[in-house]
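Chemist: mind looking at a prediction? Sequence and model below.
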Amino acid sequence: MATPRETPAPSTWRAIATDWSSDRDAFKQVPWGKAMMWIFLLSDTFIFTCFLTGYMSVRISTTATWPNPSEVFALTIGGTSIPLILIAIMTFVLISSSGTMAMAVNFAYRRERVRCAALMLATAACGATFVGMQAFEWSKLISEGVRPWGNPMGAAQFGACFFMITGFHGLHVSVGVIYLCTVAFKVLRGDYEQRGNYQIVEIAGLYWHFVDLVWVFIFAFFYLW
């Protein structure tokens, strides 16, 4: 015969409540903006993971010939076809921008707002350069007949994967450029100096480093595979 389930004693409930309260207190020192940015980046990680996983599944399962990235993304300079030269420059520009962003955060906490704003604007300029080169890459492939629904170079899924993944990442970079310019303007104006809090610069840096990291995976999976 089954015995009735015992109800926890009042002391047990107090222990549970104390444990939950301690967890809440442990996170009291975490800035709200930084916590929300981490949650956003985590959700964005799932989205990019789904995109890249779907790309790999399509790439492996398709029976049609998949275009060779070294040929598709080659540029002819001086009569010589150089594979992936534009992609290499784009990657260098975007990864370098992580360095300027890190220095901007450093100067922000040292209360050197002019240098901080200048480095943030330099980071935004790198991002805008990246988006411009990506637009050139898109226009080149479109002129060669690549579409989301078709591709004269091989597997039809190539166009859909390319425009979806690089377009979604390019949107993130474009939003980041606007975000960095806005924060840099407010830093230069002295808004955060009055508050004595430059954490918004670090939060912007988290977003930008995430965008750079995602591009590393896109570069490896899409252009080098």
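Modeler: Noted; the coordinates are in hand. Residues are numbered from 1 along each chain as shown.
Chemist: from G190, how far off is the closest residue to Y192 other than its chain neighbours?
Modeler: The shortest distance from Y192 to any residue that is not its chain neighbour, by C-beta to C-beta, 6 or more residues apart in numbering, is 5.1 Å, and that residue is Y198. (Glycine included, C-beta is placed from N, CA and C.) As for Y198, its distance to G190 is 11 Å (criterion: C-beta to C-beta, to the nearest Å).
Chemist: anything in contact with each of these two?
Modeler: Listed contacts common to Y198 and G190 are nil; contacts here mean C-beta atoms under 8 Å, 6 or more residues apart in numbering.
Chemist: show me which of those two is the more surrounded one.
Modeler: Taking other C-beta atoms under 10 Å, Y198 and G190 do not tie; Y198 has more neighbours (21 against 10).
Chemist: list the contacts for that one?
Modeler: Applying C-beta under 8 Å, 6+ apart, we find Y198 in contact with 108-109, 111, 116, 187, 192.
Chemist: please spell out which residues along the helix ranked longest in the chain are buried.
Modeler: Residue-count comparison of every helix in the chain, with assignments taken from DSSP state H, identifies helix 157-189 as the longest. Judged by neighbour count (16 or more other C-beta atoms under 10 Å), helix 157-189 contains these buried residues: 157-163, 165-166, 169-170, 172-173, 176-177, 179-181, 183-184, 186-188.
Chemist: same question for stretch 101-114.
Modeler: Within stretch 101-114, the residues that qualify as buried are 101, 103-108, 113, counting by 16+ other C-beta under 10 Å.
Chemist: continuing past the lowest-mean-pLDDT helix or strand in the chain, what's the next helix or strand?
Modeler: Ranked by mean pLDDT, DSSP states H and E, the weakest helix or strand in the chain is helix 10-26, scoring a mean of 57. Beyond helix 10-26 in the direction of the C-terminus, DSSP states H and E gives the next helix or strand as helix 32-61.
Chemist: pLDDT (mean, whole number) over the following helix or strand past that following helix?
Modeler: Scanning forward in sequence from helix 32-61, with DSSP H and E defining helices and strands, the next element found is helix 69-72. The average pLDDT within helix 69-72 is 88.
Chemist: got it, and stretch 178-190?
Modeler: Confidence over stretch 178-190 (mean pLDDT, whole number) is 94.
Chemist: starting at the chain centroid, how far to that stretch?
Modeler: The chain centre lies 20 Å from the centre of stretch 178-190; the measure is C-alpha atoms, centre = their mean, to the nearest Å.
Chemist: what stretches of this structure score poorly on pLDDT?
Modeler: Along the chain, the parts satisfying pLDDT under 70 run over 1-30.
Chemist: pull the number of nearby residues for the closest residue to V72 other than its chain neighbours.
Modeler: Of all residues not flanking V72 in the chain, M153 sits nearest, at 6.2 Å (C-beta to C-beta, 6+ apart). Residue neighbour count, defined by other C-beta under 10 Å, stands at 16 for M153.
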